[in-house]
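Asks: I'd like to go over a predicted model; first the sequence, then the structure.
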Amino acid sequence: MEFITFPHELVQAQRDWKSTYQALAAPCLRNRTVLRRRLLHLSARIQWHPFWTADPGRSAAARVELRRQARTGSRTAARAG
């Protein structure tokens, strides 16, 4: 079994993305444009992070694991090899 250790800034960006997305879903917002821009910026930051060029980051499962770790707050998790 392998362990994936995501960089702290990548996990934090995923957490920020999720909270921004939830804020954007709230009714009656005045600053939707600001939130949309932030969401786009965070999406690009996550998508183009250098981690994804490394061997453990090449699988689709790694992206799912990143979202799971951002949700639970852990930084490492077991992954089936």
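Replies: Cool, the structure landed.
Asks: residue boundaries of the strands in the chain?
Replies: 2-5, 76-79 (DSSP state E).
Asks: out of those strands, which gets the lowest mean score?
Replies: Of all the strands of the chain, strand 76-79 carries the lowest average pLDDT, namely a mean of 45.
Asks: now do the contacts for the residue nearest the centre of the chain.
Replies: Compute the mean C-alpha point of the chain, and by CA atoms, centre = their mean the closest residue is residue 14, 2.4 Å away. By CB atoms under 8 Å, 6 or more residues apart in numbering, residue 14 lies in contact with 46, 66-67, 69-70. Placement of C-beta: from N, CA and C, glycine included.
Asks: at 6 Å instead, please
Replies: 66, 70 (CB atoms under 6 Å, 6 or more residues apart in numbering).
Asks: mind checking how far it is from residue 33?
Replies: From residue 14 over to residue 33 the distance is 22 Å, taken as CB to CB, to the nearest Å.
Asks: now residue 4
Replies: Residue 4 is 35 Å from residue 33, by CB to CB.
Asks: next one: residue 42
Replies: From residue 42 to residue 33 the distance is 15 Å (CB to CB).
Asks: number of residues surrounding residue 59?
Replies: 13 (other CB atoms under 10 Å).
Asks: need the pLDDT of it.
Replies: Per-residue confidence at residue 59 stands at 85 (pLDDT).
Asks: hmm, residue 11 is touching residue 70, no?
Replies: Yes. Counting by CB atoms under 6 Å, residue 11 does reach residue 70; the two are 5.4 Å apart.
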